[in-house]
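Asker: Predicted model, plus sequence, below.
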Amino acid sequence: MAPEDTTPRIVTTVLLPAEIGGTWRVQIVWPNGSVHYFGNFSRKQDAVDWIAAHAWLTAAPKAPPTARNDEH
């Protein structure tokens, strides 16, 4: 595949409800690929609600400003 055929991808954090041992947790997959688990929820909906309240964690990072060439 030629470089011009590739689409740049922005990797973001992923939040998923996960049932582990009868307890619901939030699986957090960070942009670098590491995985962490957060919380102990009795219901899946509680984990989903936590994810909804923390959706900002999954926002794509803002692209740095591009350099401008003001030479005339």
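Answerer: Thanks, I have it.

Asker: ok, the residue nearest to the spatial centre of the chain to residue 55 distance?
Answerer: With distances taken as C-alpha atoms, centre = their mean, residue 13 lies nearest the centre of the chain, 1.6 Å away. To residue 55, residue 13 is 10 Å away according to C-beta to C-beta, to the nearest Å. The C-beta positions use only the backbone N, C-alpha and C, and glycine is treated the same way.

Asker: cool, residue 24 as well?
Answerer: Distance from residue 24 to residue 55, by C-beta to C-beta: 18 Å.

Asker: So which of the two has more stuff around it?
Answerer: When neighbours are counted by other C-beta atoms under 10 Å, residue 24 comes out ahead of the other of residue 24 and residue 55, with 19 against 9.

Asker: now the helices for this structure?
Answerer: For the chain, the helices defined by DSSP state H cover 44-53.

Asker: Quick one: low-confidence residue ranges for it.
Answerer: 1-8, 63-72 (pLDDT under 70).

Asker: Only alpha carbons, please: show stretch 9-26 as PDB.
Answerer: Provided in PDB are the C-alpha atoms of stretch 9-26 (Å, rounded to 0.1, in the frame of the first residue of the first chain):
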ATOM      1  CA  ARG A   9      -5.900   7.300  12.400                       C
ATOM      2  CA  ILE A  10      -6.400   8.900  15.700                       C
ATOM      3  CA  VAL A  11      -6.300   6.300  18.500                       C
ATOM      4  CA  THR A  12      -8.600   7.100  21.400                       C
ATOM      5  CA  THR A  13      -9.400   5.500  24.800                       C
ATOM      6  CA  VAL A  14     -12.100   2.800  24.700                       C
ATOM      7  CA  LEU A  15     -14.500   2.200  27.600                       C
ATOM      8  CA  LEU A  16     -16.500  -1.000  27.700                       C
ATOM      9  CA  PRO A  17     -18.700  -2.700  30.300                       C
ATOM     10  CA  ALA A  18     -17.200  -6.100  31.300                       C
ATOM     11  CA  GLU A  19     -18.600  -8.800  33.600                       C
ATOM     12  CA  ILE A  20     -15.800 -10.300  35.700                       C
ATOM     13  CA  GLY A  21     -16.600 -12.800  38.400                       C
ATOM     14  CA  GLY A  22     -20.300 -11.800  38.700                       C
ATOM     15  CA  THR A  23     -19.400  -8.100  39.100                       C
ATOM     16  CA  TRP A  24     -19.600  -5.500  36.400                       C
ATOM     17  CA  ARG A  25     -16.500  -3.300  35.800                       C
ATOM     18  CA  VAL A  26     -15.500  -0.800  33.200                       C
END
